[in-house]
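A.B. asks: attaching a predicted model along with its sequence, questions to come.
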Amino acid sequence: MALGNRAAQVIYMEEGDQARLGQQDIVLVDAFGRSVSRKRVDNDIDHEQTGKQNHSFYMHKEIHEQPDTVARTLVHSYHLKDQLELDFMEIDRLSIIACGTSYYAAMVAKYWFEQLAALPVDIDVASEFRYRSPLMSNSGLAVFISQSGETADTLAALKYARSNQQQTLAVVNVAASSIAREADMSVQTQAGPEIGVASTKAFTAQLSVLGSLAIQAAQQRRQFSAEMARAAFTTLAGVPQKLEQILSMESQLEAIGNSLTDARDAYFIGRGSSYPIAMEGALKLKEISYIHAEGFGAGELKHGPIALIESGVPVFVIAPNNDLLEKTLSNMQEVVARGGRCILLGDKHSIKACGDDQVECIEIPESDPFTSPLLYVAALQLIAYYAALAKGTDVDQPRNLAKSVTVE
Ligand code: G6P
């Protein structure tokens with residue numbers, strides 16, 4: 001992408017390769033000094049896609065692309081198990097490894113694969129996984145999620161898994177990336193180039209791939225009939241339209257974002273698959289607005305974090321209508337009782353069940369619990385965006401952060 005419209009073709013060098021560029025030719029040698037030839041491939045980055053168009057920041061553009069990028073990725077993922085020749089009956093354990101936002105996609109996927117497909121899942125941040133000598137099952141599948149496909153820790157973790165006889169699957173946004181090339185199989189999320197350092201559309205595209213795969217795993221593992229699988233796909237296919245609805249609530253989300261400018265801290269709570277979304281909401285806010293933000297499993301509040309609640313501290317409560325709603329609302333009440341400013345994200349039913357007019361409510365379209373992570377996160381992305389905008393930070397290139405971390 002960095003070569004942009006300067007190069008029509010690219011040669012991807014392998015680890016240890018060296019190249020000498022002459023006026024007429026290029027001489028390539030491998031790590032042992034042997035002359036090698038490497039394939040030239042077309043650099044097919046679409047330059048339209050890499051512009052900001054009418055948006056002030058790439059992040060804003062990328063948030064708004066999500067109805068399209070999710071729809072494209074879902075189409076691409078519909079027959080994934082056949083394309084990859086994966087048989088989930090033969091797999092007894094999934095290990096999903098990633099960093100940053102991609103790790104929160106792994107966390108959501110753990111709920112999906114365990115609940116829908118009855119497949120045990122371990123998740124790890126790559127920098128921990130690679131050094132803790134994890135014991136891996138002989139019939140395990142190790143999945144590596146990475147937007148860039150170049151994150152050094154994730155790549156090293158992939159090499160570890162391969163040396164432990166795991167089948168490896170990469171879920172990347174850059175098809176020719178190192179992680180995609182190193183893995184046995186790879187799937188490309190169809191998010192298109194993501195330029196803003198804070199990941200948005202890559203995350204929902206990752207969830208689209210993982211959700212589709214979880215349905216296919218559920219069917220192969222006889223947890224889902226063909227009809228149940230079709231119904232689950234239909235639910236997923238409804239996400240882009242609901243995302244449009246959330247994006248049309250921009251002025252309400254902007255007002256909430258603006259109201260955070262004086263906050264020193266902000267907290268995000270959720271249960272089940274809303275717990276990783278709470279973590280991701282906090283990550284977005286801290287990355288670009290520099291407001292101290294943390295996400296917690298709502299049930300853990302009473303084991304420590306509740307000591308942090310003081311008058312007016314914003315607490316975002318991620319509360320889709322599912323069987324954990326009542327418990328989440330009761331955790332929210334513990335915050336209200338201590339003077340916290342609760343902002344509830346829920347659907348009609350959740351808002352009615354909350355019934356507390358001290359609580360500010362953001363109404364998210366009704367959805368099946370399975371797809372709620374894809375929806376709630378979009379609202380949190382916009383809130384973080386507007387908080388950062390109001391604080392005047394460089395939204396696309398926040399201080400001290402890099403889009404892709406290729407060193408340890
Ligand atoms: C960096 C970026 C994050 C990203 C993480 C993992 O920290 O700033 O936005 O989530 O790397 O990147 P990857 O490309 O592996 O998904």
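C.D. replies: Good, I have the coordinates. Numbering: from 1, shown residues only.
A.B. asks: helix, strand, or coil at residue 205?
C.D. replies: Under the three-state scheme (DSSP: H, G, I helix; E, B strand; the rest coil), residue 205 adopts helix.
A.B. asks: how many neighbours does it have?
C.D. replies: Using other C-beta atoms under 10 Å, residue 205 has 31 other residues around it. C-beta coordinates here come from the backbone N, C-alpha and C atoms, glycine included.
A.B. asks: for it, what are its contacts?
C.D. replies: Residues counted as contacts of residue 205 (C-beta atoms under 8 Å, 6 or more residues apart in numbering) are 69-70, 73, 173, 189-191.
A.B. asks: and the furthest pair within those?
C.D. replies: 70 and 173 (13.1 Å; C-beta to C-beta).
A.B. asks: give me the residue at the spatial middle of the chain.
C.D. replies: Residue closest to the average C-alpha location in the chain (C-alpha atoms, centre = their mean): residue 203, at 2.8 Å.
A.B. asks: that residue contacts residue 98, doesn't it?
C.D. replies: No. Using C-beta atoms under 8 Å as the test, residue 203 is too far from residue 98 to be in contact (10.6 Å).
A.B. asks: can you tell me the SS state at the closest residue to the ligand within the stretch 251-400 of the chain?
C.D. replies: Per C-beta to the nearest ligand atom, residue 287 is where the stretch 251-400 of the chain lies closest to the ligand, at 7.0 Å. Recorded secondary structure, residue 287: helix (three-state DSSP).
A.B. asks: separation between the residue of the chain found nearest the ligand and residue 51?
C.D. replies: Across the chain, the shortest distance to the ligand (C-beta to the nearest ligand atom) belongs to residue 100, at 2.7 Å. Distance, residue 100 to residue 51, by C-beta to C-beta, to the nearest Å: 25 Å.
A.B. asks: ok, the two, which is more surrounded?
C.D. replies: residue 100 (22 against 12).
A.B. asks: quick one, grab the pLDDT at the more buried one.
C.D. replies: Residue 100 is assigned a predicted lDDT (pLDDT) of 97.
A.B. asks: just residue 47 next, same as before
C.D. replies: We have a pLDDT of 61 for residue 47.
A.B. asks: which residues of the stretch 51-200 of the chain lie near the ligand?
C.D. replies: Within reach of the ligand by C-beta under 6 Å from any ligand atom, the stretch 51-200 of the chain has these residues: 99-102, 146-148, 151, 154, 197-199.
A.B. asks: could you identify the helix or strand that succeeds the helix or strand bottoming out on mean pLDDT in the chain?
C.D. replies: Scoring the helices and strands of the chain by mean pLDDT, DSSP states H and E places helix 80-84 at the bottom, with a mean of 84. Counting by DSSP states H and E, the next helix or strand C-terminal to helix 80-84 is strand 93-98.
A.B. asks: same for that next one, what does it pack against?
C.D. replies: The criterion is 3 or more C-beta pairs under 8 Å, 6 or more residues apart in numbering; DSSP states H and E, and the helices and strands that strand 93-98 contacts are helix 100-117, strand 121-125, helix 126-129, strand 140-146, helix 152-163.
A.B. asks: show residues contacting that strand.
C.D. replies: Here strand 93-98 makes contact (C-beta under 8 Å, 6+ apart) with 105-106, 109-110, 113, 119-126, 129, 134, 136-137, 139-146, 151, 154, 157-158, 161, 166.
A.B. asks: just the buried ones from these?
C.D. replies: 105-106, 109-110, 113, 119, 121-126, 129, 134, 136-137, 140-146, 151, 154, 157-158, 161, 166 (16 or more other C-beta atoms under 10 Å).
A.B. asks: and residue 39, backbone torsions?
C.D. replies: phi -60, psi 140 (degrees, to the nearest 10).
A.B. asks: repeat for the one 4 residues further on
C.D. replies: Reported as degrees, to the nearest 10, the phi and psi values for residue 43 are phi -90, psi 90.
A.B. asks: the residue lying closest to it once chain neighbours are set aside: which element?
C.D. replies: Spatial nearest neighbour of residue 43, excluding adjacent residues (C-beta to C-beta, 6 or more residues apart in numbering): residue 10 at 4.7 Å. Element membership for residue 10 (DSSP H and E) is strand 9-11.
A.B. asks: list the strands paired with the helix or strand following that strand, with their directions.
C.D. replies: Moving toward the C-terminus from strand 9-11, the next helix or strand (DSSP H and E) is strand 18-21. Neighbouring strands of strand 18-21 in its sheet, by DSSP bridges, are strand 26-29 (antiparallel).
A.B. asks: so is residue 362 in a helix, a strand, or just coil?
C.D. replies: What three-state DSSP gives for residue 362 is strand.
A.B. asks: that one reaches residue 251, doesn't it?
C.D. replies: No. Look at residue 362 against residue 251 with C-beta under 8 Å: they stay out of range, at 11.9 Å.
A.B. asks: more neighbours, those two?
C.D. replies: residue 362 (20 against 8).
A.B. asks: what's opposite the more buried one in the beta bridge?
C.D. replies: Beta-bridge pairing of residue 362 under DSSP bridges involves residue 345.
A.B. asks: go on, residue 94?
C.D. replies: Bridge pairing for residue 94 - DSSP bridges - gives residue 121, residue 141.
A.B. asks: near it, how many other residues are there?
C.D. replies: So residue 94, with other C-beta under 10 Å, has 26 neighbours.
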